[in-house]
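Asker: Kindly return the folded structure for what I paste below:
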Amino acid sequence: MNQKILIVEDQFIEANHLRLMLQRAGYGVCGIARSVDQAEELVESEKPNLVLLDIFLTGKRTGIELAEKLRDSNIPFIYLSANSNEEVLNAAKATHPNGFLVKPFREKDLLVALQIAEYHHENGLESRLRKESFFQKQLTEINSEKAGWEQKLLKVAQALQPLIPFDYMVAGYSGEGKFMSNNALFFLRIGFNEYQVTGMEGLQMVANLKMDELSSSQTKTVVGPEVTFFNGASFKKLCSVPSMRKVIADTFHMNAVLIFPLPEISDEGKIFFFSFYSRRNDTYAEEHVALCNRIQSVLTKSVQNMLKVETVPPSEIDIAFPPEISSQSQSVTIFDGIVGQSHLLLNVFDLINQVAPGDTSVLITGESGTGKERIADSIHALSSRKGKPFVKVNCAALPVNLIESELFGHEKGAFTGATERRVGRFEQADTGTIFLDEIGDMPLEMQVKLLRVLQEKEIERIGGKSTIKVNIRIIAATNRNLEKEVAEGRFRLDLYYRLNVFPLQLPSLSERKEDIPSLVDHFIRYYSRKTGRKISGVSDRVMKNLLAYDWPGNIRELENLIERSVLLAKGLVIEDATLPLMRTKKTTSQEEDGRMKTIFENERDHIIAVLKKCNGRIRGAFGAAEILDIPPTTLGSKMKKLGIKREFVS
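Answerer: Numbering: from 1, shown residues only. Next up, the predicted model:
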């Protein structure tokens, strides 16, 4: 192997142990650094292919500071740490590491982590190049078509969406003191690959502004010839112009903008530009600036060719386009089972479309009842494994004493009651996809075994004498905050990083209330057909109450309410839907978990509480072992078994 690996670790013995493990496996070690300053010098001089990086190092600077520079330099890195403090974890996560190894770890764990990091780094670059290459191909096809400016620019907007997410896009000329209405178009996203398109006159009608006010508002969006972005507070400052605030913030509720000028396209000092707006306040980052700079040349040539086409500025609010430039039929069909058009749900659709074709692990998070299983169905249906097995496992429903047998299978006679061989869920999912629902409820002792399977892609039946290779894609889901679970010692940090390759956060129903009317209509039609009733809808009063409610049970709660209301309705319209009173009492953390703690968790919490009172002292007078009335060696074994580390009690 020609890989050069830099070790950044302040413990001399651990660093040397790492070096020996790497050398035995054929990796080259280009240096060992104990501080960030030393590491920066070695990165500059040795140009490592990968960095093994401890978080806490000699000196005041941490590995997280170095990680930010490694990310900017496109050097992959893996964190090495025994510390799982929530604040540290959040800071580490923000640097987008290529892996995370929890000390102590085996040599095989290290080698697998290196292979995974290398794979994701290479495929990340490959994926980016592939998407940009496909975008260039799309531009070539768009330019060769016999269509008008408006139709071509709509297709450009659709091609840009996977690269630059936006809810609203402006394209046109802008310069000192004037926004040119000729050739200007505005695109408001209203569905997956669907846009409402309007010109200046149409936008003027929507915003109820005079033309000079509208021109002034659009002029302010262009800051200069460089690509730039504004998120959150800086975006609000940009929207200080009343006319712009009315159009962008008040009318369309945008909270961020990426401004992409094409300086080579100008007309009497007016520069052609694209402005991408998002309703999220943290959408745009430096990576989007870098992307714009990479595609600027090819997009400039494409727009120049389009501008040669004779254009007539549209005056109507909507432009009706031919069916061939509407949504991709396959994606629309797949998403038909997921109801809603809110911008948060459309963002989820974009992510599904992006991740589904590959084999990348996906972690779906969100509150109970938000539709995580339905999202998993869509990912599998859009993947290359769609004709292969799709095995679903509810980790919370599996008995602790049977979970290993359920997942990995067992041989006949492996234990009392094993009267025949059992093929486990992982083996059943071979060549297909396995969906691990409520992964946050899996016991710690099983998390270790699951991690081995995910890393080594092989299982061993209970009582078996040989390993079985499995070719599977992993989709996991949980309603828990796994970062909090990690910080409190209930979920392994390395397993979290192994699953969290592509996170997909589902919005709660209270965050996308604009979808409630569509969902209500969908459930009424479904349960009317199922019960043989002819219910046409709900009264205005009922809809007002539904929109005012907070929906702690999300879509599942809404569905149950509509099913009950359809059965109880006295006429063709639902005039009454009984909503529960909103809970006002403060719930305990255990109530929030929605479950009773296991024996292991209760024992673990008790030991941690005693250790904290003893300031982490285990042996001797007033030590934790003496208070618990067990030998120190037994306490040490229990701590290891329960995943209790010193940092939990410091």
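Asker: Please, where are all the strands along the stretch 301-450 of the chain?
Answerer: Counting by DSSP state E, counting those that start in this stretch, the segments of the stretch 301-450 of the chain that form strands are 362-365, 390-394, 409-410, 422-423, 433-437.
Asker: Need those strands in CSV (columns: mean pLDDT, mean neighbour count and distance to residue 256).
Answerer: The C-beta positions use only the backbone N, C-alpha and C, and glycine is treated the same way. Converted to CSV, those look like this (pLDDT from 0 to 100; neighbours: other CB atoms under 10 Å; distance: least, CB to CB, whole Å):
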stretch, mean pLDDT, mean neighbour count, distance to residue 256
strand 362-365, 95, 24, 22
strand 390-394, 96, 18, 36
strand 409-410, 92, 22, 49
strand 422-423, 90, 15, 50
strand 433-437, 96, 24, 33
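Asker: Okay, residue 291 and residue 73: tell me how far apart.
Answerer: Distance, residue 291 to residue 73, using CB to CB, to the nearest Å: 17 Å.
Asker: more neighbours, those two?
Answerer: Regarding residue 291 and residue 73, a neighbour count based on other CB atoms under 10 Å identifies residue 291 as having more, with 20 against 11.
Asker: Find the nearest non-adjacent residue to that one, please.
Answerer: Using CB to CB, 6 or more residues apart in numbering and skipping the chain neighbours, the partner closest in space to residue 291 is residue 163 (6.1 Å).
Asker: Likewise for residue 23?
Answerer: Setting aside the residues directly before and after it, residue 23 is nearest to residue 29 in space (CB to CB, 6+ apart), at 6.5 Å.
Asker: Partner strands of the one helix or strand that neighbour maps to, with direction?
Answerer: For residue 29, the host element (DSSP states H and E) is strand 28-33. Strand 28-33 has the following strand partners under DSSP bridges: strand 4-8 (parallel).
Asker: Let's test this: mean pLDDT of the helix or strand following the partner strand, rounded?
Answerer: Sequence order places helix 12-24 as the next helix or strand after strand 4-8, per DSSP H and E. Helix 12-24 shows a mean pLDDT of 92.
Asker: Please apply the same query to stretch 135-145.
Answerer: Computed over stretch 135-145, the average pLDDT equals 91.
Asker: on that earlier part again, now render the strands of the stretch 301-450 of the chain as a markdown table, adding distance to residue 194.
Answerer: As requested, the strands of the stretch 301-450 of the chain are exported to a markdown table (distance: least, CB to CB, whole Å):
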| stretch | distance to residue 194 |
| --- | --- |
| strand 362-365 | 24 |
| strand 390-394 | 28 |
| strand 409-410 | 46 |
| strand 422-423 | 44 |
| strand 433-437 | 28 |
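Asker: And these: which comes nearest residue 378?
Answerer: With CB to CB as the measure, strand 362-365 is the member of these nearest residue 378 (10.5 Å).
Asker: Point out the other helices and strands that the longest helix along the chain packs with.
Answerer: Looking across the chain with DSSP state H, the single longest helix is helix 107-144. Helix 107-144 makes packing contacts with helix 12-24, strand 50-54, strand 77-81, strand 100-102, helix 149-160, helix 286-307, helix 444-456, helix 493-499 when contacts are defined by 3 or more CB pairs under 8 Å, 6 or more residues apart in numbering; DSSP states H and E.
Asker: Could you look over the ones you listed and pick the most buried one?
Answerer: strand 50-54 (a mean of 26; mean count of other CB atoms under 10 Å).
Asker: from the middle of its chain, how far away would it be?
Answerer: The chain centroid and the centroid of strand 50-54 are separated by 24 Å, computed with CA atoms, centre = their mean, to the nearest Å.
Asker: Report the rounded mean pLDDT for that strand.
Answerer: Regarding strand 50-54, the rounded mean pLDDT is 95.
Asker: a strand runs through the residue nearest to residue 291, doesn't it?
Answerer: No. Looking at residue 163 with DSSP: H, G, I helix; E, B strand; the rest coil, it is coil, so not inside a strand.
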